[in-house]
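> Requesting a structural model of the entry that follows:
(chains A and B)
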Amino acid sequence: MTSPENKSMDELVSLCKRRGFVFPASDIYGGINGFWDYGPLGVALKNNIRDSWWRNTVECPPIGPDGEPVSIVGLDSAIIQNPKVWKASGHVDGFSDPMVDCTETKKRYRQDHLELLVPKSGEGLMYAFPENQPDLIAAKLKQARVDHSLFETVTLPEIPVSSYDRVVAPDSKNAGTLTPPRAFNLMFETYIGAIRHEDHKAYLRPETAQGIFLNYKNVLDTMRVKIPFGIAQIGKSFRNEVAPKNFIFRSREFEQMELEWFCPPDEAQTWYQFWKEQRMLWWLSLGINANNLIFRDHDADELAHYSNACVDIEYRYPFTFPGFGELEGIAHRGNYDLTAHQNHSRTKMEYFDQAAQLAAKEAGLDKEDIARKSRYIPHVIEPAGGLTRALLTILCEAFTPDETRPSKVVMKFKPNLAPITAAIFPLINKDGLPEIARGIYQKLRQKYTLQYDAKQSIGKRYARMDEAGTPYCFTIDGDTPQDHSVTVRDRDTAEQHRIAIDRVDEFLAEKMLS
RNA sequence: GCGGGUAUAGUUCAGUGGUAGAACCUCAGCCUUCCAAGCUGAUGACGCGAGUUCGAGCCUCGCUACCCGCUCCA
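This next block holds a predicted model:
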């Protein structure tokens, strides 16, 4: 395996375009910042990753601590929801803070996070400092011989923008370096209906998670599920990122794979550990080198205010090497979301846990404890992975420069993820070989994603498949009509061996499972 | 949003203010019994918009996109 430091993102981006994995969106109009299109091979790879996640999460979920598969159902909620949803979730407030920039230090501050020492006289310079940290400008004040008693503290939003020319920014020497506040709303806005009116403003979802919380009760009422259980969803989300970068790593339109796991409050920590392990196992199952994956626990000051614990699974991307970059976050969200929606929608999110009630009674608990154990708003463990980032990770991981090959590079996808599972080639385009090859292709194309190609030299065809990441090539040669065998060429070793035509199906079936 | 860099064919690169080139890819034909072979052809580009100039791929300005570094990432 080539280490990430030897992988050039430029070369990977070139290959992605040359071979139809990823194209710049709106390419012929000069592109559009933060958006990408997935080409024929890219969407095939992305769908295969997506299907693996769905299979592993919804259709064939992991075995829980009790030896039985855990209970998870699927969902596909709307991208646009009632705007009240995003008010309740905190995204409207949290995503739209006005920011001011300092043109001297190039630092950016939330407007409401800056405080000022303002002369009571109403004239003269005002000194800005980060919220609750007046000490940070102590030296500057001393130099300016500021007498504190002549000043009062106000927050930046309290003073008019016309006075900004008298404001000395925190790390700045001169006054007037702060720009007027500008809104950085990370949510994309749209208007419902033909008439563009503020009352009809709506948002494209910045995460798929809220769609799950909105349907928590619907699922509970219809699917005969009992806590603990999960709801899984895959879909597009949109964030108006300030600075999209690193190819498809941070884009404005991206795809998420999210699971919300609902459980009793006192089991949350156990399930958090469970999902932490399970999620890592899934990433490893995609064939990612364990050395390129790590857990990174969030520090206490890094946690969102509602979260009790959060860990990221990170991958060593070529552009983060030797460091890592985020792939998936597993968050212990407590009951924050359901409580928020309960308060805003006035819909009860409480769960009555009959089994817990029985157990509590049998344990001889008092009435209060029995009630507490049996009636609660579930806690939530949220493994939230990026499908688009998964695609990038798989592309980076598979990308393997090899100077000994005609193609100079080979994409080493696992067989069950590869956009093309196998190619069928007649060695030469005559002597009855194409007929045999097409026969194999026609017979197996319903079960596998195959490509038939008879054009040009065999070496050229192998090289093309190396760049597309096709793990196996079956070649029909002059011996085939006599002994009914074909050669199998292995992408990773470039070596060949013969197998019987009748065994091709079996061979592929076995490889797809491994 | 800031600073720096870059923008010529699908890709990677040449190109002195004066007729836009190559290699690879792709496609067609011939050839071909295992790794982009050989031969003959073909398609295909100066990111967008202004300006300077007799004349701009080249100089100037604006815009857009991409890369690197900050910033941001509830």
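> which residues pair with A:Leu259 across the strands?
A:Ala232 (DSSP bridges).
> so where's the stretch 151-300 of chain A uncertain?
Residues of the stretch 151-300 of chain A meeting the criterion pLDDT under 70: A:182-184.
> what does it have sitting close to RNA strand B?
A:Phe184, A:Leu186, A:Pro206, A:Glu207, A:Glu241, A:Val242, A:Ala243, A:Pro244, A:Lys245, A:Asn246, A:Phe247, A:Arg250 (CB under 7 Å from any atom of the strand). Any C-beta I mention is one placed from the backbone N, CA and C, and that applies to glycine too.
> between those, which is closest to A:Ile424?
A:Phe247 (32.7 Å; CB to CB).
> Could you give the number of residues near that closest one?
20 (other CB atoms under 10 Å).
> Give me the nearest residue to it, chain neighbours excluded.
A:Val13 (5.8 Å; CB to CB, 6 or more residues apart in numbering).
> Isn't the one you found up against A:Ile248?
No: counting by CB atoms under 8 Å, A:Val13 stays clear of A:Ile248, with 9.5 Å between them.
> Would you confirm that A:Ile381 contacts A:Ile330?
Yes: in this structure, A:Ile381 is within contact of A:Ile330 by CB under 8 Å, at 7.0 Å.
> who's more crowded, the two?
Legend: neighbour count by other CB under 10 Å for A:Ile381 and A:Ile330, higher for A:Ile381 (28 against 25).
> quick check, that one in a strand?
Yes: looking at A:Ile381 with DSSP: H, G, I helix; E, B strand; the rest coil, it is inside a strand.
> what touches both of A:Ile381 and A:Ile330?
A:Tyr272, A:Trp275 (CB atoms under 8 Å, 6 or more residues apart in numbering).
> Could you grab the helix/strand/coil label for the closest residue to RNA strand B within the stretch 251-400 of chain A?
Going by CB to the nearest atom of the strand, RNA strand B is nearest to A:Phe319 of the stretch 251-400 of chain A, at 4.3 Å. State at A:Phe319, reduced to three classes by three-state DSSP: coil.
> likewise the one 4 residues further on?
Of the three states, A:Gly323 takes coil under three-state DSSP.
> how far away is it from A:Gly176?
As judged by CB to CB, to the nearest Å, A:Gly323 and A:Gly176 stand 38 Å apart.
> And A:Leu365, by the same measure?
A:Leu365 sits 66 Å away from A:Gly176 when distances are taken as CB to CB.
> Also A:Glu59?
61 Å.
> Among these two, which residue is more densely surrounded?
Higher neighbour count among A:Glu59 and A:Gly176: A:Gly176, with 15 against 11, using other CB under 10 Å.
> what's the distance between the closest residue to that one other than its chain neighbours and A:Gly124?
Nearest non-adjacent residue to A:Gly176, counting by CB to CB, 6+ apart: A:Asp165, 4.0 Å away. Remark: distance between A:Asp165 and A:Gly124 (CB to CB) = 12 Å.
> If you count surrounding residues, which of the two has more?
More neighbours surround A:Gly124 than the other of A:Asp165 and A:Gly124, with 14 against 11 (other CB under 10 Å).
> can you tell me if stretch A:416-428 touches RNA strand B.
Yes: using CB under 7 Å from any atom of the strand, stretch A:416-428 reaches RNA strand B at A:Leu427, A:Ile428.
> and what of stretch A:65-79?
No: counting by CB under 7 Å from any atom of the strand, RNA strand B has no neighbours in stretch A:65-79; the shortest distance is 14.7 Å.
> is it true that A:Pro378 touches A:Phe262?
Yes: using CB under 8 Å as the test, A:Pro378 is close enough to A:Phe262 to be in contact (4.0 Å).
> Give me the most central residue, chain A.
When CA atoms, centre = their mean is applied to chain A, the residue found nearest the centroid is A:Gly386 (1.5 Å).
> Go ahead and confirm that one touches A:Glu255.
Yes: using CB under 8 Å, A:Gly386 is in contact with A:Glu255, at 7.2 Å.
> hang on, the earlier thing: burial of the residue of the stretch 251-400 of chain A closest to RNA strand B, as a residue count?
17.
> What sits closest to it if chain neighbours are left out?
Per CB to CB, 6+ apart, closest to A:Phe319 is A:Asn246, 5.0 Å.
> That neighbour: neighbouring residues, count only.
A:Asn246 has 14 nearby residues by other CB under 10 Å.
> ok, now which ones touch it?
A:Asn246 touches A:Met9, A:Tyr317, A:Phe319, A:Gly325, counting by CB under 8 Å, 6+ apart.
> Any stretches of chain A with poor pLDDT?
Across chain A (using pLDDT under 70), the flagged ranges come out as A:1-6, A:94-98, A:103-108, A:132, A:136, A:138-140, A:182-184, A:301, A:304-306.
> Longest helix of it, counting residues only.
Secondary structure of chain A per DSSP state H: the longest helix is helix A:268-285.
> Pull out the buried positions in that helix.
Across helix A:268-285, burial judged by 16 or more other CB atoms under 10 Å covers A:Ala268, A:Trp271, A:Tyr272, A:Gln273, A:Phe274, A:Trp275, A:Lys276, A:Gln278, A:Arg279, A:Met280, A:Trp282, A:Trp283.
> Stretch A:25-44 too?
A:Ala25, A:Gly34, A:Trp36, A:Tyr38, A:Gly39, A:Leu41, A:Gly42, A:Val43, A:Ala44.
> And the contacts of it?
By CB under 8 Å, 6+ apart, stretch A:25-44 touches A:16, A:19-24, A:46, A:241, A:244, A:247-248, A:250-253, A:391, A:419-420, A:449, A:468-469.
> Do that stretch and RNA strand B come into contact?
Yes: judged by CB under 7 Å from any atom of the strand, stretch A:25-44 and RNA strand B are in contact via A:Gly30, A:Gly31, A:Ile32, A:Asn33, A:Gly34.
> again, but for stretch A:386-400
No: residues of stretch A:386-400 contacting RNA strand B under CB under 7 Å from any atom of the strand: none, with a closest distance of 10.9 Å.
> how about that stretch as PDB, C-alpha atoms only?
Taking Å, rounded to 0.1, in the frame of the first residue of the first chain, the C-alpha atoms of stretch A:386-400 are listed here in PDB:
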ATOM      1  CA  GLY A 386     -20.200  11.700   4.900                       C
ATOM      2  CA  LEU A 387     -21.000   9.700   1.800                       C
ATOM      3  CA  THR A 388     -19.100  12.200  -0.300                       C
ATOM      4  CA  ARG A 389     -16.200  12.000   2.000                       C
ATOM      5  CA  ALA A 390     -16.400   8.300   2.000                       C
ATOM      6  CA  LEU A 391     -16.100   8.500  -1.800                       C
ATOM      7  CA  LEU A 392     -13.100  10.800  -1.500                       C
ATOM      8  CA  THR A 393     -11.500   8.500   1.100                       C
ATOM      9  CA  ILE A 394     -12.000   5.400  -1.100                       C
ATOM     10  CA  LEU A 395     -10.600   7.300  -4.100                       C
ATOM     11  CA  CYS A 396      -7.500   8.400  -2.100                       C
ATOM     12  CA  GLU A 397      -7.000   4.900  -0.600                       C
ATOM     13  CA  ALA A 398      -7.300   3.200  -3.900                       C
ATOM     14  CA  PHE A 399      -5.100   5.600  -5.800                       C
ATOM     15  CA  THR A 400      -1.800   3.700  -6.300                       C
END
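> So A:Ile294, which state does it fall into?
Relying on three-state DSSP, one would call A:Ile294 strand.
> A:Ala359 now?
A:Ala359 is classified as helix under three-state DSSP.
> so A:Thr339 makes contact with A:Pro378?
No: between A:Thr339 and A:Pro378 there is no contact under CB under 8 Å: 10.4 Å.
> The two: who's more crowded?
Ranked by neighbour count (other CB under 10 Å), A:Thr339 and A:Pro378 place A:Pro378 first, with 24 against 14.
> what's near enough to touch that one?
Counting by CB under 8 Å, 6+ apart, A:Pro378 has contacts A:Ile227, A:Pro228, A:Phe262, A:Cys263, A:Pro264, A:Pro265, A:Asn335, A:Leu338, A:Tyr351.
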